[in-house]
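> Return atomic coordinates for the entry below.
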Amino acid sequence: MSARIMMLSAFPWQTEIQYIKGVGPKRAFLFAKLNIRTLEDLLYFIPFRYEDRAGIKKISHLEAGKIQTVEGEVMAVSLTETPRRRMKIVDVALSDASGLLHALWFNQQYLKDVFKKGDRVMLSGPVKANYYGGFSIEMENPVYERVEADAAHVHMDRIVPVYHETKGMTSKQMRSLMKSVLARYADQIPEMLPARLIEKYRLLPLSQAIKQVHFPEKETNVSLLNQGRGPAHRRLIFDELFLLQCGLALRKKGLSEKMPGIAFDVRKSGQAALKKLLPFRLTAAQERVFTEIRADMSKPLAMNRLIQGDVGCGKTLVALMSLLIAIENGYQTALMAPTEILAVQHYFAVKDYLEALGKSVCLLTSDMKKKAKEDVLHKAASGACDLLVGTHALIQKGLRFKNLGFAVVDEQHKFGVLQRVTLLKKGVQPDLLIMTATPIPRTLALTLYGDLNVSVIDEMPPGRAPIQTRLYYGKSRPEVYRFIAAEIKKRRQAYVVCPLVESSEKLDLKAAVEHFEMFKRDVFPHFNIALLHGKMKRDEKEAVMRQFKSGKIDLLVATTVVEVGIDIPNATVMAIEHAERFGLAQLHQLRGRVGRGRAQSYCLMIADDPISKDAKRRLSAMVQSTDGFKIAEEDLAIRGPGEFFGTRQSGMPVLQVANLIRDAKILEVARQEAFDWVAQHKTLADPESLPIRAFLERKWRGKLEWLSMA
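Numbers count the residues shown, from 1 in each chain. The predicted model follows:
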């Protein structure tokens, strides 16, 4: 066994935190609140910012308005109380022979006993010149550290790390503990990366990186540190992204090797017959993506492909053509959508085409009547149903297919990983096609879907004018309503989507009902108005949608149930009430409900002042761009990687050091190296790969079902 592997196995990464010197059971309880349970957790508890307390200034050289550090001797300590506000003030007079400084602490009278005349201390804080009652130099509430002979300063005379705190555990206490832990363990930390990668990318050794990320050298640029771009951060970021991509590479490799699939005959003539039924030609992007899917389907391996594309780009048609290949090969297919409205929309969108080609299509939703549901279940089990469209009802225990060979999951982020897997288990290694109309920035796609093959439909059907997006504030509502009326008089149709109210479905419904009644009574009494919401029965919703599609309804008032899946080419106005309460992705989805015909369409966002800075940024992004990928990039920038849709629900490990926006270039490099490494080293079981595997298994304990380690 190599020395490197012996060091790796010998280092006490998993030592429980309570057994670390200076911790104990009580502190271990506090550390658990910070998700620190082992020595490894502690070493990777990275400071969230840094303060420059490195340059010690003479008191006579201090500059007012700046945070600076001084060292001197305590000349006097006093405690006074202000007569009006009854505030207690500890005043420590400090001298360094060049001048005198008064350090003041408010309502911290215990400090009177901390400082003694003759003590040598360091202080760091904002400097203030006081001209009342004579000139003096002051620091208010400075941080302090006692100076002892030959002592290495932890809190002063250096770049100081600042940690997240919890009640009972301060950043200062964390700093002291971290200093002693690093002194004991840092030099023993084993290397994870091969020497070739460290040399190629000029990375710090891991032990040095961990030391420096906690206690940077004095000459380090503090501004870069606070941006997470110091040399130590760069090494730890590379490690984290490299490990993540190794996991994705292993998963992708495992899926392709362990999941033999169906080698479909993609030369069947059904696609040509389908194209003849279409009233339009496919775009070049649709043709390209369909070619990629056909290539996957022809292989004897289970396909795992994601189609990304903006709203209205024609993903469903590409999915239909792919489903048809499987059906013509004698297999059953399934299309799962997150909402009943979207499932019904898909059902009617594909039904006429497939039935014209002699294929059967069924619909299954949870609120169907018992007899109708039993009939659909029987058809699925007997093989009489070629395509089953439905909601979560497709993964119910009572549903069985005779020979499911191909599954489509629409709006993947609305489903959990286990739900997707449950659907696939209804067949024997069926091909999987995932669709999303919420474009994902490349950096996030490489992380969320790095184990999938990704296709992008980046072209819209010809003849569609870009949607004009306008922002109005509350007082301009009458102007918005006049605009809606003018469009309806042109024989167009419109939506009004009511606001999210504290994520309460009952309050959402109440808001929609109130708007509906107000419009009908006061604003649009001469137009046909209807209400649509999630609590309506299936038959009622279908009736409303049929009437809206046929043009019998002029204005549809709805909750966010219309976010996905409604296709009304004659609708030209999407008005969004209280738009500031919606996320960017949701706003973009709602906007995508219009602009589906040849007439100019409009998205009118109504916001009520005052709104937050982030809300202004979201609404501004909507006005400035209709490009879903630009919208997604801005959404990721505003919300951050941890909150962007899917990362919490996908089962993906949470990143601790890396930032997918800031570190996009490192991600690209780490991904390439990781996939190359896994291609060369298979299951990471060889001696050179064992350190990587050990870090990977430890870093995401309990996540191996996500990684699908070989």
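
> Please count neighbours and contacts with C-alpha atoms only from this point.
Will do.

> Near the nearest residue to Ile36 once chain neighbours are set aside, how many other residues are there?
In this structure, Ile36 finds its nearest non-sequential neighbour in Leu42, 5.8 Å apart by C-alpha to C-alpha, 6 or more residues apart in numbering. Other residues near Leu42 come to 19 when the count uses other C-alpha atoms under 10 Å.

> How about Arg639?
Arg639 sits with 14 neighbouring residues when counted by other C-alpha under 10 Å.

> State the distance from it to Ala621.
Distance of Arg639 to Ala621, computed by C-alpha to C-alpha, to the nearest Å: 13 Å.

> surely the residue nearest to Ile36 meets Asn35?
No - assessed by C-alpha atoms under 8 Å, Leu42 is found out of contact with Asn35, at 9.0 Å.

> In this protein, spot the strand with the most residues.
If you go by DSSP state E, the chain has its longest strand at strand 67-81.

> picking up where we left off before, quick one: pLDDT of the residue nearest to Ile36?
At Leu42, the model reports a pLDDT of 94.

> Val147 now?
Reported pLDDT for Val147: 82.

> Check Arg251 too.
75.

> ditto for Met169
90.

> likewise Pro441?
69.

> what about the closest residue to Ser171 other than its chain neighbours, distance to Val311?
Distance criterion C-alpha to C-alpha, 6+ apart; nearest residue to Ser171, sequence neighbours excluded, is Tyr163 at 5.0 Å. To Val311, Tyr163 is 43 Å away according to C-alpha to C-alpha.

> just Lys616 next, same as before
Remark: distance between Lys616 and Val311 (C-alpha to C-alpha) = 23 Å.

> Likewise for Val222?
Relative to Val311, Val222 is positioned 44 Å away (C-alpha to C-alpha).

> Tell me which of these two has more neighbours.
Using other C-alpha under 10 Å, the more surrounded residue of Val222 and Val311 is Val311, with 25 against 19.

> residues in contact with Gly72?
Gly72 makes contacts with 94-96, 120-122, as judged by C-alpha atoms under 8 Å, 6 or more residues apart in numbering.

> Top of these by number of neighbours, please.
When neighbours are taken as other C-alpha under 10 Å, the top entry among the contacts of Gly72 is Leu94 (28 neighbours).

> Check for me that it belongs to a strand.
Yes - assessed with DSSP: H, G, I helix; E, B strand; the rest coil, Leu94 lies in a strand.

> Measure how buried the residue nearest to Ser625 when sequence neighbours are not counted is and give me the count.
Using C-alpha to C-alpha, 6+ apart and skipping the chain neighbours, the partner closest in space to Ser625 is Ile631 (7.1 Å). Using other C-alpha under 10 Å, Ile631 has 24 neighbouring residues.

> now the strands for the stretch 401-550 of the chain?
For the stretch 401-550 of the chain, the strands defined by DSSP state E, counting those that start in this stretch cover 404-410, 431-436, 453-457, 468-473, 493-497, 529-532.

> where exactly do the helices run in the stretch 101-250 of the chain?
Secondary structure of the stretch 101-250 of the chain (DSSP state H, counting those that start in this stretch): helices at 171-185, 195-200, 206-214, 222-226, 231-258.

> With distance to Val408 added, can I get those in a markdown table?
A markdown table is the format used below for these (distance: least, C-alpha to C-alpha, whole Å):
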| stretch | distance to Val408 |
| --- | --- |
| helix 171-185 | 50 |
| helix 195-200 | 40 |
| helix 206-214 | 44 |
| helix 222-226 | 44 |
| helix 231-258 | 17 |
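
> Mean neighbour count, those helices: which tops it?
With neighbours defined as mean count of other C-alpha atoms under 10 Å, the helices of the stretch 101-250 of the chain peak in mean count at helix 231-258, which reaches a mean of 22.

> and the angle for it with strand 453-457?
Calculated by axes from the mean of the first three to the mean of the last three C-alpha atoms, to 10 degrees, helix 231-258 forms an angle of 100 degrees with strand 453-457.

> Give me the helices and strands touching helix 231-258, please.
Counting contacts by 3 or more C-alpha pairs under 8 Å, 6 or more residues apart in numbering; DSSP states H and E, helix 231-258 packs against helix 206-214, helix 664-681, helix 690-699, helix 704-707.

> 6 Å instead?
Judged by 3 or more C-alpha pairs under 6 Å, 6 or more residues apart in numbering; DSSP states H and E, the packing partners of helix 231-258 are helix 206-214, helix 664-681.

> can you give me how far it is from the chain middle?
Counting by C-alpha atoms, centre = their mean, to the nearest Å, helix 231-258 is centred 18 Å from the centre of its parent chain.

> list the buried ones in whatever helix or strand comes next after it?
Where DSSP states H and E defines the elements, the next helix or strand beyond helix 231-258 is helix 270-277. Neighbour-count burial for helix 270-277 flags 270-271, 274 (criterion: 16 or more other C-alpha atoms under 10 Å).

> For those residues, could you give me a markdown table that also reports pLDDT?
As requested, the buried residues of helix 270-277 are exported to a markdown table (pLDDT from 0 to 100):
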| residue | pLDDT |
| --- | --- |
| Gly270 | 78 |
| Gln271 | 80 |
| Leu274 | 87 |
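
> any chance of those residues in CSV, with distance to Met460 too?
Putting those into CSV (distance: C-alpha to C-alpha, whole Å) gives the following:
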residue, distance to Met460
Gly270, 24
Gln271, 21
Leu274, 20
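
> Of those, which is the nearest to Val497?
Closest approach between the buried residues of helix 270-277 and Val497, by C-alpha to C-alpha: Leu274, at 35.4 Å.

> Leaving out sequence neighbours, find the closest residue to that closest one.
Closest to Leu274 by C-alpha to C-alpha, 6+ apart is Tyr353, at 7.0 Å.

> how about low-confidence regions in the stretch 51-200 of the chain?
For the stretch 51-200 of the chain, the stretches with pLDDT under 70 are 132-134, 149-152.
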